[in-house]
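> no letters, just coordinates:
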Ligand code: SF4
């Protein structure tokens, strides 16, 4: 199966290892991985700030970049949700054509764990990671994209992983893109509350499926000097198998 | 008081809210309680999603035919012998009500259940003509006694005070000597209010829903005081926002069920008063004179715009009870009687747009509010709509965010610029790196690094790795 990767800008620049794990994982599961180099960013920062003209530019570019793809897979619930938002972005009369194209992209866009479970139909990827961990369900992934169970199914089959449920899992971590800098004091309070819940679980590792939330929480955890490691779910699912993947 | 309170800038109010640990604990406890009971009540109902769907359809249908239903409602109320007044503005509404009060030469007024009278600043207007206005809902009563402290929640206006704080207020202002037990304090308030009920010449209430077909005003309360306000004084004035309407009793039942469950997690509240017209010949209770004041105050400007769905709101407060931002800054930080997510959407529409321009940005867009809303208002999307309006306006000025976003548009349209930008960032940030992180970033990174470490950009971006891998022939 041919898969076109959408590696979000955060993963590209700050967390290339998340992209690498995604590639190796998909290849190990028999996919042919393609990375359209023209891709840039999904446009979410502009869209959520209300700069819809700029967001449309990003959208058109992404739509064209992935026009050839059978499946578009991203290691991010939030950016995948944004791909689906393009349909609403082109709502004017004279944008019908773009709306159609946007719809086509939305239909083939998947978040990584969603793709594994719904399309590849795998729930056990044979990974091993003997740590105590907890999982942060990010808001856009669960609420906007509606992907709730897929990560849990996959994580429950990771050997050695002991997963404790995060108290108040339904609460936002306070990242929210530009919110994290525009409203930093509120964002900080939300992060601290989340971090204290994470601490309650005694987890050594915090797992998540969105680099944005992870970057924010990791940054706050480090600033507080707390010894909790942050991992993207792609890395967890490729744990113990890094060499085989090549 | 009016819709707006305080004149401090939003950021300062946020700061004050965050520092008020007492308020935050009180809000957290209340949120937790209300959220849990709402989920339980929704579960009991079964198929919550279908109910929400139905709720949304009813509200949307009504808004789409608002003219028709408003006319039907007003005709019915007239037929029943009541008076109807359509007020375009807050001033028109208060002037009409003042007039009714003055014609009766009334000076003592009791009130119950009304956000909209807060919105139009009715108490101040009535006090200016020498009336004594007494709030009879417990929450509002507490605030009134506490030197008109502003409300902080649309269902529990005094949610920011706990029992002990309330006991203190009563002791200080009313000479209360009892304990902080809710029963004892409620009994005390009841004692205080009794003479007011018995002597009031006018009773003023809000209206949760008006039934167009029958001309009925429906009040949902938990304390039973609504009944006294509407039946003891000879005059009853009900004040409603023009959108608070349902076609028939059938829809009323659905909406009341959704309201009670979403607001406090009860199947029904203790009291649901339905009032149809003034006292008729042979009836034993009800007011001699009934007025229905229907308020526009900016609402019709929202009809037909991208914000129309906000008028579906039934003021249940469910969105506040799940909002983490609300929890940390408290309701008073919003500077409007409408706080929380619905307040952030509604206040800039009904109030001074400039004054409330920061509110739509005070959201991480986590969509917990949208998920909780029983009538499916896409609150987080409406917040983005507000931001879009602000952004459009800012296009006029060549500053700050606009420039950044313009650059953004250019970069993300062009793979070459993007690649160049990420490389540049990597090199430019090198001097600030320390053990793989940036602790104190320069210029634009400052707001991020003021509270968090930033991972430093990696030596090899993902795309470089992918290309190098291909060159190295590692790709299978
Ligand atoms: S927006 Fe929805 S959840 Fe919030 S108060 Fe209105 S009806 Fe309730």
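Perfect, I can see it now. The model shown is predicted, which means the values in this text are computed figures rather than measured ones. Numbers count the residues shown, from 1 in each chain, chains lettered A, B, ... in the order given.

> where does pLDDT dip in the stretch 301-450 of chain B?
B:395-401 (pLDDT under 70).

> which residue ranges of it form helices?
Using DSSP state H, counting those that start in this stretch, the helices of the stretch 301-450 of chain B run over B:318-321, B:324-329, B:340-350, B:368-372, B:379-394, B:400-413, B:415-429, B:446-449.

> then chain A?
A:9-13, A:16-28, A:44-48, A:52-65, A:77-89, A:96-108, A:112-114, A:139, A:149-156, A:179-182, A:184-200, A:211-223, A:233-237 (DSSP state H).

> can you name the element that comes right after the helix ranked longest in chain B?
As assigned by DSSP H, the longest helix anywhere in chain B is helix B:21-45. Per DSSP states H and E, helix B:21-45 leads on to helix B:48-64 as the next helix or strand towards the C-terminus.

> which other residues reach that following helix?
B:42, B:45, B:69, B:243, B:245-247, B:251, B:254-255, B:257-258, B:303, B:308-309, B:311-312, B:314, B:373-376 (Cβ atoms under 8 Å, 6 or more residues apart in numbering or on different chains). Backbone N, C-alpha and C define where each C-beta goes, glycine included.

> isn't residue B:93 up against residue B:121?
No: with contacts counted by Cβ atoms under 8 Å, residue B:93 stays clear of residue B:121, the gap being 9.6 Å.

> give the contact list for the residue in the stretch 51-200 of chain B positioned nearest to the ligand.
Distances between the stretch 51-200 of chain B and the ligand by Cβ to the nearest ligand atom are smallest at residue B:154, namely 6.1 Å. By Cβ under 8 Å, 6+ apart, the residues touching residue B:154 are B:115, B:315, B:317, B:320, B:337, B:338, B:339, B:340, B:342, B:343.

> out of the residues you listed, the closest to the ligand would be?
residue B:342 (3.9 Å).

> wait, the closest one sits on residue B:319?
Yes: the criterion here is Cβ under 8 Å, and residue B:342 meets it with residue B:319 at 5.3 Å.

> of those two, which one has the most company?
The neighbour comparison of residue B:342 against residue B:319 (other Cβ atoms under 10 Å in any protein chain shown) goes to residue B:319, with 27 against 24.

> show me the contacts for residue 77.
Using chain A. Here residue A:77 is in contact with A:111, A:138, A:140, A:141, A:142, A:144, A:145, A:147, A:209, A:210 (Cβ under 8 Å, 6+ apart).

> nope, chain B please
B:83, B:84, B:215, B:277, B:290, B:292.

> tell me the pLDDT of it.
Note for residue B:77: predicted pLDDT of 96.

> my guess is residue B:193 contacts residue B:225. True?
Yes: with contacts counted by Cβ under 8 Å, residue B:193 reaches residue B:225, the gap being 7.3 Å.

> looking only at neighbour counts, state which of those two leads.
residue B:225 (24 against 19).

> for that one, what are phi and psi?
As for residue B:225, its main-chain torsions (degrees, to the nearest 10) stand at phi -70, psi -20.

> name the nearest residue to it, sequence neighbours excluded.
In space, and not counting its chain neighbours, residue B:225 is closest to residue B:136: 4.3 Å by Cβ to Cβ, 6 or more residues apart in numbering or on different chains.

> how near is the one you found to residue A:52?
47 Å (Cβ to Cβ, to the nearest Å).

> more neighbours, the two?
residue B:136 (27 against 19).

> pretty sure residue B:321 is in contact with residue B:34, am I right?
Yes: under the criterion of Cβ under 8 Å, residue B:321 makes contact with residue B:34 at 4.4 Å.

> can you name the residue of the stretch 51-200 of chain B nearest chain A?
Residue nearest to chain A within the stretch 51-200 of chain B (Cβ to the nearest Cβ): residue B:52, separated by 14.5 Å.

> tell me the pLDDT of that residue.
Value for residue B:52, per-residue pLDDT: 93.

> distance of it relative to residue B:255?
Distance, residue B:52 to residue B:255, by Cβ to Cβ: 12 Å.

> what about the two, which has more around it?
Between residue B:52 and residue B:255, residue B:255 has the larger neighbour count (other Cβ under 10 Å), namely 25 against 19.

> measure how buried residue B:89 is and give me the count.
Residue B:89: 13 neighbours (other Cβ under 10 Å).

> does it touch residue B:301 like I think?
No: judged on Cβ under 8 Å, residue B:89 makes no contact with residue B:301 at a distance of 11.6 Å.

> related to what we said a few turns ago, out of the helices of chain A, which is closest to the ligand?
helix A:139 (16.8 Å).

> which residues are in contact with the closest one?
A:172, B:364, B:365, B:366, B:367, B:368.

> leaving out the residues flanking it, which one is nearest to the last one?
In this case it means residue B:368. Nearest to residue B:368 is residue B:322, by Cβ to Cβ, 6+ apart, at 4.4 Å.

> need phi/psi at that neighbour.
Per degrees, to the nearest 10, the backbone of residue B:322 is at phi -110, psi 0.

> what is the end-to-end distance of stretch B:445-452?
For stretch B:445-452, the first-to-last residue distance is 10 Å (Cα to Cα, to the nearest Å).
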